[in-house]
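here are the coordinates; sequence isn't available:
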């Protein structure tokens, strides 16, 4: 597929695996947990095993990504997550990680396009990520799991962001790392870019209909 750059009037960004380096964060968390039984691993290093577990579980997890929405309980799950976050349960949240080059890319694209966050995260954690890296001011609107009646892979979040940015959905470019990002874009009539720095694999992103595949999100600047 080929990206029709002349159509693009606004950009929509997923968060996990697209702006936030969630893969490595999951690996670190799992490595920390497995360190309790470190004697089971060569050289007492659980990191290689943790990375394999994260990579193997990503694709099956994506199958169930939209299940809460289909069951009509996505708002409740997101609200519950934000409730726990607000109470500080589970200890102090660990700092997020930013994918290298993303902030510089956003600063450059901000001069040319209206930008939106289109995430299936809860509102509290989405804003905490953006605030940690001083990214909030780059975005004209922020769509989270609680914003629309349905979240990705439904078109609602992309359509809502397009309306807020004053453009037609088909003139948006959705950037994400999973098939749900690509499917949401297609359902809204938008173009899409799949990035390989997160949870998705190249073959599945292509099959879902991504117009372009990039190794990491920061490469978008060179494309546009």
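Received it, and whenever you're ready, just let me know what you need. Treat the numbers as computed from the prediction; the structure is a model and nothing was measured.

How about residue 22, nearest residue that isn't a chain neighbour?
Closest residue to residue 22 apart from its sequence neighbours, by Cβ to Cβ, 6 or more residues apart in numbering: residue 16 at 4.3 Å. Any C-beta I mention is one placed from the backbone N, CA and C, and that applies to glycine too.

and the one you found, what does it touch?
By Cβ atoms under 8 Å, 6 or more residues apart in numbering, the contact list for residue 16 reads 22, 119, 121, 177, 198, 199.

can you do 7 Å?
22, 121, 198 (Cβ atoms under 7 Å, 6 or more residues apart in numbering).

Do you know the pLDDT at the closest residue to residue 113 other than its chain neighbours?
Counting by Cβ to Cβ, 6+ apart, residue 11 is the residue found nearest to residue 113 once chain neighbours are left out, at 5.0 Å. You'll see residue 11 listed with a pLDDT of 98.

Now tell me what touches the helix or strand hosting residue 11 from outside.
Using DSSP states H and E, residue 11 maps to strand 10-13. Contact partners of strand 10-13, identified using Cβ under 7 Å, 6+ apart, comprise 19, 109, 113-118, 158, 161-162, 165, 167, 171-175.

Could you chop the protein up by domain?
For the chain, automatic domain parsing gives the domain ranges 5-21+94-223, 22-63.

Which of those domains comes out lowest on mean pLDDT?
Looking at the domains of the chain, the weakest mean confidence is domain 22-63, a mean of 58.

What residues are bridge-paired with residue 117?
residue 13, residue 142 (DSSP bridges).

show me what contacts it?
13, 15, 126, 139, 142, 143.

Let me have these in a markdown table, extended by neighbour count and distance to residue 204.
A markdown table is the format used below for the contacts of residue 117 (neighbours: other Cβ atoms under 10 Å; distance: Cβ to Cβ, whole Å):
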| residue | neighbour count | distance to residue 204 |
| --- | --- | --- |
| 13 | 28 | 20 |
| 15 | 24 | 19 |
| 126 | 25 | 24 |
| 139 | 21 | 27 |
| 142 | 18 | 27 |
| 143 | 26 | 23 |
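
With respect to residue 191, which of those residues is nearest?
Nearest to residue 191 among these is residue 13, at 13.7 Å by Cβ to Cβ.

Please tell me how far the closest one sits from residue 2.
From residue 13 across to residue 2, the span is 21 Å (Cβ to Cβ, to the nearest Å).

Repeat that for residue 105.
Residue 105 sits 21 Å away from residue 2, going by Cβ to Cβ.

Compare the two and say which is more crowded by neighbours.
For the pair residue 105 and residue 2, the greater number of neighbours falls to residue 105 (22 against 7), based on other Cβ atoms under 10 Å.

so the more buried one, which of the three states?
Three-state call for residue 105 (DSSP: H, G, I helix; E, B strand; the rest coil): helix.

how about the closest residue to residue 202 other than its chain neighbours, what does it touch?
Leaving out its chain neighbours, the residue that sits closest to residue 202 by Cβ to Cβ, 6+ apart is residue 213, at 5.6 Å. Applying Cβ under 7 Å, 6+ apart, we find residue 213 in contact with 194, 196, 202, 205, 206.
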